[in-house]
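A.B. asks: here is a sequence together with a model predicted from it:
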Amino acid sequence: MNATTLISDTSFAERVQTLRQQLQHHGHRYYVLDEPEIPDAEYDRLFTELQALELAHPELTSPDSPTLRVGGLPLAQFTSVRHAVPMLSIRTETDTLATGAENFDARVRRELGLTPTDTPVEYVAELKFDGLAMNLRYENGVLVRAATRGDGEVGEDVTQNIRTIRQIPLRLNAAAAIDIPAILEVRGEVYMRRDEFEALNERQCEKIARGAKGEKTFVNPRNAAAGGVRQLDPAIAAQRRLSFFAYGLGEVTPATQGGPAFKTHYDLLMTLKAWGFPVAEQTKVVRGAAELVAFHQHMGETRDQLPYDIDGVVYKVNSLALQRQLGFVTREPRWAVAHKYPAQEQLTTVLSIDVQVGRTGKLTPVAKLAPVFVGGVTVTNATLHNEDEARRKDVRIGDTVIVRRAGDVIPEVVSVVLEKRQGQAEQFTMPRQCPVCGSAAVREEGEADYRCTGGLFCGAQRKEAILHYAHRRAVEVDGLGDRLVELLVDANIIRTLPDLYRLGLTSLAGLDRMADKSANNLLEAIEKSKQTTLPRFLFGLGIRHVGEATAKALARYFGQLDAIMNASEAELLAVDDVGPVVAQSIRTFFDQAHNREVVEQLRACGVTWEEGEPAERAPQPLSGKTFVITGTLPTLGRDEAKDKVEAAGGKVAGSVSKKTDYVVAGTEAGSKLTKALELGVKVIDENQLMELLNGGA
C-alpha cells in the first residue's frame, strides 16, 4: 500500500496534520497518562501511514512530527546554548528528618517577618529526581530546542535526543484552559525508570557475551540517562527509553505580552500538566514545618516503591509573590530547598568473599565489607548475586568498591574502583560443594546460579523443605505454617523431615503459645498426613523442577516410588512432561545418599501410599496440550479443573504465551483472557473443556 492509496478526498497536508494530532493525542494518553484509548497495533498503523506520507512529500516535514522520536542523523558534536534565564542550583539540606524541614521553614518565616502566631507558610512539596536537569524551549507551542543545564549559564543543545523521549510533547496542547505563550521554557528532569535500566543492562550483557567491543553495563539509572542524553547518535538515545518530569519554568513571554500570570507554583505545575507535560503525582501543597516533615518521612518510607530513583524531596514557597519577595542569595533562591536522604552509594573495601546458602539451596557469593554508612544504615555485607556477576564485575578481596543500598533492598556491589586495586588477588570461584552440608553444588545448563543438591539434608534448606512437604498440595499437614516451623527448627526439635513424625506433646509443650489443644490438633494432622498418594509424596520431596504435574506424570508412568528412584535419565525422559533438565534433576536428587536415607526414614515412620503397576501407555485425550485457567468456572474449582486436565495428560500453565493451546475462561477473567485474545489463543468455557476431557475435538 502506498501513501496515495491512504488518502481519499482530503489533501496530503490535511491528512498529515490529522495524523500528527491523532498520534500526539494517543501518545500523551499512553506515555504520560497511562490511559491508552487504542491498541498498540492501531497506533503503529497511524505512525506508519504518517511516515509514508512524509517520505513521499518531504515538503510536509515539521519539527513537531512524532516520526522524529525514532532518532535523526548523527551529530558531529554538540553546540553550546546560553540560557536566557540561568538554571540555578538550590540549597541542599542533609540534616535529620525534622531539622532539615524546620530550619527551612524558620528561615522563610524570618525573611518574611512572620511571628509564631501568624498563619503557617504554604509550600509545594515535590520529589527530587535523580536524573539530568533539562531546559525545553517552545516557540508558538512547538519544541525548538532542548539544552542541558551545563554550568547554569551555558549548556549543550541536545534537541535531537530529547525529541526521542515520548513523554515530552513536540507540540503543546492548545486546548488547555490557559493560552500557550509565544515563548515558553520548561524546566524538568530527564531520568530512566528502574525497569528500563535493568532491561538496558540485560541488553548490554548480551552484547558483551557475544563479544561486542566497547560495550559496558551501567552503574545506575542516572548515569545511563545522562549518557543517553549526550549521545551524538539520536538513534542510540531512542533505545535508552528515557522519561521526563516537569517542575518549573525558564524564560516565558511576560503577562503583559499575552503570557500567563500565575499566582502560585502549584497553579504553574497544573498548567504544565494541562499543556501535556508529566508532573509527578506525589507533588502536593503543604502548610508549615510539620507537614513538610510528614511529606519527607512518607516519601522516605515509600521511595523504594517508586518506579524511578529519587535522592530527596524539594520544598518551594507556593506563592510566586512571596518567592519574588524572598529573592536570591549567592544565586540560590531563598524560597526553595532540597532535603536529601542519606546517600545510597558509598566507597568501602572488600575484606573477604563468603558463600551463603539460601532457603531453596541457591548459593550466593557475599562480599564481607569494611563497615560503611549507606542508605541510612551501616552495611557490612553486600551480595555479588552469582559467580558470573562476581567475575563480570571482577570483585576481589582487598578491592575498593562502590556499594549501593536502596531502602530495604539487599546492599550490592555496583562496581570496582580499579585504580585503587593493589596486588594480584585471584578471581572468585564458586565452590563445588555446599559450604553448609557438603553436598554437591551444581549449575544446570542455562542457569546462572549454583544450587546445593542436599535439599532434604541441608541445614540451610531445612525450614523451606518442611514447609513445602506440609503444603496442602503436597503431603498436607494442616496447621503447620511458617511461624510454627520457625519455632520447631530454631529450637532444634526438628532437624530433618522424619523428625516431624517423632513429635510428641512433651516436645511441643515448651513452644511459645502452644496450648494443649493446639498441640493435639497438630499431632492429629501429622498422623493424618501419613496416608497420602505417590504424586503428593513426590511433590512434597521438593525435587527441583518437579511440580505437581510432573509428579503425577511420574507416578502414572512408573507406578512405584522405587522404580522412579532407580530410573535412568533415559527412562525418565520417556515420561510426558519430563525433559533433559528435569530428568537430570531427578537423577541428581536420588543419587544423593542422604536424600534416599530421608525417604526410607519417612517410610519407616509410617508414611504410606497406594502403589500399583505402571499405567497403560495408551494416548490420553489432552496429551501434549497446554492450558491456562482464568476466572471463576460455573461448577469446577480452579484446582479441580487443573487436576482433571493433568489427569488427562494435559499441562496447566500460570501464564499465557504463544505456546498455550487453550485458555479456559470463566466469569471475571482478567488480563490472561486479554492476552489470549491478543495472541490468538483459542478461548473455551467449562463445557468445552469437559468435551475435550471426554475425547472431543
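C.D. replies: Structure's in. What do you need? Numbers count the residues shown, from 1 in each chain.

A.B. asks: looks like residue 232 contacts residue 77 (just checking).
C.D. replies: Yes: Residue 232 is within contact range of residue 77, at 7.1 Å (criterion: Cβ atoms under 8 Å). C-beta coordinates here come from the backbone N, C-alpha and C atoms, glycine included.

A.B. asks: tell me, how many residues neighbour the closest residue in space to residue 647 that isn't next to it in sequence?
C.D. replies: Counting by Cβ to Cβ, 6 or more residues apart in numbering, residue 647 lies nearest to residue 552, which is 7.3 Å off, once chain neighbours are set aside. Applying other Cβ atoms under 10 Å, we find 21 other residues in the vicinity of residue 552.

A.B. asks: next: residue 376.
C.D. replies: Taking other Cβ under 10 Å as the criterion, the count of residues near residue 376 is 12.

A.B. asks: tell me the contacts of the residue nearest to it when sequence neighbours are not counted?
C.D. replies: Using Cβ to Cβ, 6+ apart and skipping the chain neighbours, the partner closest in space to residue 376 is residue 342 (4.3 Å). The contact partners of residue 342, by Cβ atoms under 8 Å, 6 or more residues apart in numbering, come to 373-376.

A.B. asks: any of those residues buried? List them.
C.D. replies: 374-375 (16 or more other Cβ atoms under 10 Å).

A.B. asks: closest to residue 208 among the contacts of residue 342?
C.D. replies: For residue 208, the nearest member of those is residue 374. The distance, counting by Cβ to Cβ, is 27.3 Å.

A.B. asks: hmm, residue 405 and that closest one touching each other?
C.D. replies: Yes: taking contact to mean Cβ under 8 Å, the distance of 4.5 Å between residue 374 and residue 405 places them in contact.

A.B. asks: how far off centre is the longest helix along the chain?
C.D. replies: Identified as the longest helix of the chain according to DSSP state H is helix 12-31. Helix 12-31 sits 31 Å away from the centroid of its parent chain (Cα atoms, centre = their mean, to the nearest Å).

A.B. asks: how about stretch 114-133?
C.D. replies: Here the centre of mass of C-alpha atoms in stretch 114-133, compared against the chain's by Cα atoms, centre = their mean, lies 31 Å away.

A.B. asks: if you average pLDDT over it, what comes out?
C.D. replies: Confidence over stretch 114-133, taken as the mean pLDDT, stands at 93.

A.B. asks: and the end-to-end length of that stretch?
C.D. replies: As for stretch 114-133, its first-to-last residue distance stands at 33 Å under the measure Cα to Cα, to the nearest Å.

A.B. asks: and what of stretch 461-476?
C.D. replies: 19 Å.

A.B. asks: again, but for stretch 614-623
C.D. replies: From the first residue to the last, stretch 614-623 extends over 17 Å; the measure is Cα to Cα.

A.B. asks: repeat that for stretch 533-546.
C.D. replies: 15 Å.

A.B. asks: what is the least confident helix or strand in the protein?
C.D. replies: Taking mean pLDDT, DSSP states H and E as the measure, the chain has helix 40-56 as its least confident helix or strand, at a mean of 76.

A.B. asks: helices or strands up against that one?
C.D. replies: Identification of packing neighbours for helix 40-56 by 3 or more Cβ pairs under 8 Å, 6 or more residues apart in numbering; DSSP states H and E yields helix 12-31.

A.B. asks: export the helix it packs on as CSV, just CAs?
C.D. replies: Coordinates of the C-alpha atoms in helix 12-31 are reproduced here as CSV (Å, rounded to 0.1, in the frame of the first residue of the first chain):
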residue,chain,number,x,y,z
PHE,A,12,-1.9,15.3,1.7
ALA,A,13,-1.2,18.3,4.0
GLU,A,14,-4.6,17.9,5.8
ARG,A,15,-4.1,14.2,6.3
VAL,A,16,-0.6,14.7,7.6
GLN,A,17,-1.9,17.3,10.1
THR,A,18,-4.7,15.0,11.2
LEU,A,19,-2.3,12.1,11.7
ARG,A,20,0.1,14.2,13.8
GLN,A,21,-2.8,15.4,16.0
GLN,A,22,-4.1,11.9,16.5
LEU,A,23,-0.6,10.5,17.3
GLN,A,24,0.1,13.4,19.7
HIS,A,25,-3.2,12.7,21.5
HIS,A,26,-2.7,9.0,21.7
GLY,A,27,1.0,9.3,22.6
HIS,A,28,0.0,11.6,25.5
ARG,A,29,-2.7,9.1,26.7
TYR,A,30,-0.2,6.2,26.6
TYR,A,31,3.1,7.7,27.8
